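1. how does the following fold in three dimensions:
(chains A and B)
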Amino acid sequence: MKSAPPPPVLRRPSLDGLAIRVENLGKQYRIGLAPEKYRTLRDSIVNVVTWPIQRIRRGLAPSGEDYLDTIWALRDISFNVEQGQIVGVIGRNGAGKSTLLKVLSRVTEPTKGEVEIRGRVGSLLEVGTGFHPELTGRENIYLNGAILGMKRTEIDGKFDEIVDFSGVEKFIDTPVKRYSSGMYLRLAFAVAAHLEPEILVVDEVLAVGDAEFQRKCLGKMSDVAQEGRTVLFVSHDMSSILRLTEEAIVLDKGQIVYRAPTVEAVDYYMISGFSEAGERIWDADDVPEAAAPFRPKALRVLNASGNNVDVVRSTEAITLEVEYSLSEPIQGLRVGLYLMSARGEYVMTTFDTDEPDQYDKFGVRPAGHFISSCTIPADLLNEGRYTVGMNASAYRVKRYFMDERALTFTVDGMGAPGKQWAETRMGLVRPRLVWRIESVA
Amino acid sequence: MWSAIARRSLLKALCLIDYKMAETSLSTKAAPETILLRPTRGWSALNLGDLWRYRELIFFLTWRDIKVRYKQTVLGAAWAIIRPVMTMLVYSLIFGQLANLDSEGVPYTIFTYVALLPWQLFSKAMNDTGRSMVSNRNMITKVYFPRLVIPISTVLSGLVDFLIAFIILIGMMIYYDISLTSAIWTLPLFLILTLVSALGVGLWFSSMNVLYRDVGYMLPFLIEMWKYLTPVAYSAQYVTGTWKIIYSLNPMAGVVQGFRWALLGIELDATATMTMSISIGVSILVLISGLFYFRRMERTFADMV
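-> The predicted model follows:
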């Protein structure tokens, strides 16, 4: 029983231009004590009795720390973030992104290593923390502000701004349980966004809310960064990572596997197959028997360099490919793709035998293994999320296979025409057109 | 050894307060402070400086609890009166009339009501505090703030009910024509003793409840038992001899006798100084040990709750 130093030890500033310094950070969870499970007193009493035996076993185990039901959610993480930098954190589910943010925002303590942080950390881990449904919007602003560490005078000063940002002026004295989920969210984000911490930690808050509000949030975040404050941003949405951050860290299985300027890091992340989407694979069980002799295998989205990706830039060509096999020859088979916008509008329908000479050549498609692919030219699609559907049929004879929502992918608008204005463009396409401006006398 | 640790930690905590206050008053925005996070083991300092900085949060959470408590009820704050008054009526009928217990020269109704006020404050605070960490889990797992804020504000929010029920007591005192004695000035002390005891016990249970949900099942039953060990329905005079010392290990025994003395002028017996000191000592001990236990367990709350 030794007395250890208190968790947050105050030090004279020693970080020298750094906002965050992380060294050999490790966080271990005991699986048996995962959030949903808790010990009962009986277990504990049993533990007391069996503890000496476990202790001996632990001594004999090859590696003391990995003994029993523990997992390292974070392992040997070391990195620095300079003041005023915006750093993205990307990785698959369970890669440790949220755990990292929880450690940095002091919600949970590290198991190993140390973290030095300069300034107040504001976390948007989940907006609306502590909101009480029975309290009014006004009351919740004060309560939530206090939970996030704001002083009452500070909230007083920003109250109007917060209400303005949230756009719920009319309902500010209504209990928030009567709010729509959108209003609730806007108010919650507004409070958190006005915290003005030196370091802002954001986790997936933009996944919700409508497009208009998302744009507002992104704007607010870049304001924060322009004021010289530091932002750590976690998201699954590569396009907002690309838009907002200068540099990104790729996490996998609790370790940093890559750190580079965002464009490179995102490429790395997608090329190394960390991204889950961008490909749809059909197992034998997924395919109805009626589809035979047609057997779909996979549908993929490829970027200009031929990598299977979930996010493609609108300024590069997008290739969609269907892999399938035929156990018997099929007469008049056509394999086609549908493209739909996130709102469900059809963008196009296309078949692999649309061209007359292709049609003639594949009048009867022999048995075997095939890949049909097509390329959507660069500078065509507007930014947003698209759904790809697949269809294999013989015209007016039989539809072999159909999956209207086989796969989705995101088109990122970076570098697209008109990107000097951060507005959302209406329309499904965003072609690069030649405009002439002539002065007429 | 224990006292040495406690003293060292307390000193450290006090040093931190001074240091932090100097820090905040000297530098506003120019030099944000640096925080070092690293794994801790064993006992840690109370870090009261951090708690002080979040004092407004204590206020807001207390205010939230009060504000929300009687929302969507028909009778609203009247519940704060109904509960002690109904209990008083039942006790008066059973213990006063049927069992005819001695009430030391004052009407039994007011004799028991004076005891019910601190008792209900204590039992509610203990019960709510014991569950507070679990019921506020969404905050604990999302945002950092000194966790002590939660039990403290939970205990404080019970005070409003106490004050409302106290108005009835004043009415009853006028009705029964009970004149105040100079002992009335000690009433705030006994009130503080009630809060200190409730917080101390609540701290223990709230941190244990994070690990062992058995606590949730144990609390109502424990409170029931505790009530019989506290002279709420009967006079403490029934307890005599060496039992008196064991009896006074219950801080609430001291509180209830103190309330009766301060408000009704019921004389304390010769051993009062000793028994009262024991009660006070026990409650302070429970509070301090509870604080340290809570701080020790605090670091696992977010992972376990």
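2. show the pLDDT at residue 64.
-> As the question left the chain open, I've gone with chain A. Looking at A:G64, its pLDDT stands at 40.
3. you looked at the wrong chain, it should be chain B
-> We have a pLDDT of 91 for B:R64.
4. and if you look at B:Y19?
-> Listed pLDDT for B:Y19 reads 41.
5. same question, A:E204
-> pLDDT, A:E204: 65.
6. give me the phi and psi angles of B:T230.
-> B:T230 adopts backbone torsions of phi -120, psi 140, taken as degrees, to the nearest 10.
7. who's in contact with it?
-> B:115, B:119, B:250, B:252-253, B:256 (CB atoms under 8 Å, 6 or more residues apart in numbering or on different chains). For glycine as for every other residue, the C-beta is placed from the backbone atoms N, C-alpha and C.
8. and with 7 Å instead?
-> B:119, B:250, B:252-253, B:256 (CB atoms under 7 Å, 6 or more residues apart in numbering or on different chains).
9. and B:A115, by the same measure?
-> Listed by CB under 7 Å, 6+ apart, the contact partners of B:A115 are B:231-232, B:256, B:259-260.
10. now do the contacts for the residue of the stretch 251-400 of chain A at minimum distance from chain B.
-> Closest residue of the stretch 251-400 of chain A to chain B, CB to the nearest CB: A:G254 (15.3 Å). Listed by CB under 7 Å, 6+ apart, the contact set of A:G254 reads A:72-75, A:96.
11. what is the burial count for A:I147?
-> A:I147 is flanked by 23 other residues according to other CB atoms under 10 Å in any protein chain shown.
12. for it, give its distance to chain B.
-> A:I147 sits 6 Å away from chain B, taking CB to the nearest CB, to the nearest Å as the criterion.
13. which residue is the nearest non-sequential neighbour of that residue?
-> A:G130 (4.3 Å; CB to CB, 6 or more residues apart in numbering or on different chains).
14. so what's the one you found scoring on pLDDT?
-> pLDDT recorded at A:G130 is 78.
15. make a markdown table out of the contacts of B:T230 and add pLDDT, secondary structure and neighbour count.
-> Output for the contacts of B:T230, formatted as a markdown table (pLDDT from 0 to 100; DSSP: H, G, I helix; E, B strand; the rest coil; neighbours: other CB atoms under 10 Å in any protein chain shown):
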| residue | pLDDT | secondary structure | neighbour count |
| --- | --- | --- | --- |
| B:W119 | 96 | helix | 25 |
| B:N250 | 93 | coil | 19 |
| B:M252 | 94 | helix | 26 |
| B:A253 | 92 | helix | 24 |
| B:V256 | 93 | helix | 27 |
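16. name the nearest of those relative to chain A.
-> Closest approach between the contacts of B:T230 and chain A, by CB to the nearest CB: B:N250, at 23.3 Å.
17. now for the closest residue to that closest one other than its chain neighbours, how many residues are close by?
-> Excluding the flanking residues, the one nearest B:N250 by CB to CB, 6+ apart is B:L229, at 5.3 Å. Look at B:L229: counted by other CB under 10 Å, it has 14 neighbours.
18. same check on B:R55?
-> 13.
19. same deal with the one 5 residues further on?
-> When counting by other CB under 10 Å, one arrives at 24 neighbours for B:F60.
20. and it, which of the three is it?
-> With DSSP: H, G, I helix; E, B strand; the rest coil as the basis, B:F60 sits in helix.
21. please, which helix or strand holds the residue lying closest to it once chain neighbours are set aside?
-> Nearest residue to B:F60 in three dimensions, chain neighbours excluded: A:A146, at 4.2 Å (CB to CB, 6+ apart). Secondary structure assignment for A:A146, by DSSP states H and E: helix A:137-147.
22. packing partners for the helix or strand following that helix?
-> Using DSSP H and E, the helix or strand that follows helix A:137-147 in sequence is helix A:152-166. Packed against helix A:152-166 by the contact rule (3 or more CB pairs under 7 Å, 6 or more residues apart in numbering or on different chains; DSSP states H and E) you find helix A:137-147, helix A:181-193.
23. helix A:152-166 vs helix A:181-193, what angle?
-> 140 degrees (axes from the mean of the first three to the mean of the last three CA atoms, to 10 degrees).
24. next, the residue most central in space within chain B: phi, psi?
-> Nearest to the mean C-alpha position of chain B, counting by CA atoms, centre = their mean, stands B:A198 at 2.4 Å. When read as degrees, to the nearest 10, the backbone of B:A198 gives phi -60, psi -40.
25. hmm, B:L156 and it touching each other?
-> No: counting by CB atoms under 7 Å, B:L156 is not a contact partner of B:A198; they are 10.1 Å apart.
26. show me what the helix holding A:A146 is packed against.
-> By 3+ CB pairs under 7 Å, 6+ apart, helix A:137-147 packs against helix A:152-166, helix A:181-193, helix B:55-69.
27. from the chain's centre, how far out does the last one sit?
-> Going back to what we said before, that points to helix B:55-69. With CA atoms, centre = their mean, to the nearest Å as the basis, helix B:55-69 stands 16 Å off its chain's centre.
28. so after it, what's the next helix or strand?
-> Heading C-terminal from helix B:55-69 (DSSP H and E), you reach helix B:79-91.
29. for the top strand by length along chain A, name the packing helices and strands.
-> What stands out as the longest strand in chain A, according to DSSP state E, is strand A:398-412. In this structure, strand A:398-412 packs against helix A:238-244, strand A:294-302, strand A:311-313, strand A:384-394, with contacts taken as 3+ CB pairs under 7 Å, 6+ apart.
30. tell me which residues of it come out buried.
-> A:400-401, A:403, A:406-412 (16 or more other CB atoms under 10 Å in any protein chain shown).
31. same deal with stretch A:152-166?
-> A:154-155, A:158-159, A:162-163, A:165-166.
32. before we move on, what about stretch A:321-341?
-> A:321-324, A:326, A:330, A:332-341.
33. stretch B:165-173 now?
-> B:165-166, B:168-169, B:172-173.
34. and chain B, what are its domains?
-> Using automatic domain parsing, the domain parsing of chain B gives B:1-53, B:74-304.
35. phi, psi of B:I178?
-> phi -100, psi 120.
36. residue contacts, the spatially closest residue to it that is not a sequence neighbour?
-> Nearest residue to B:I178, sequence neighbours excluded (CB to CB, 6+ apart): B:L264, at 6.0 Å. By CB under 7 Å, 6+ apart, the contact set of B:L264 is B:106, B:110, B:114, B:178.
37. give me the neighbour count for the third one.
-> Number of residues near B:V114 (other CB under 10 Å) recorded here: 25.
38. which stretches of the stretch 201-305 of chain B form helices?
-> Per DSSP state H, counting those that start in this stretch, the stretch 201-305 of chain B carries helices over the ranges B:214-228, B:243-247, B:251-264, B:272-304.
39. how about JSON lines for these, with distance to A:K216 added?
-> Putting the helices of the stretch 201-305 of chain B into JSON lines (distance: least, CB to CB, whole Å) gives the following:
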{"stretch": "helix B:214-228", "distance to A:K216": "42"}
{"stretch": "helix B:243-247", "distance to A:K216": "64"}
{"stretch": "helix B:251-264", "distance to A:K216": "54"}
{"stretch": "helix B:272-304", "distance to A:K216": "30"}
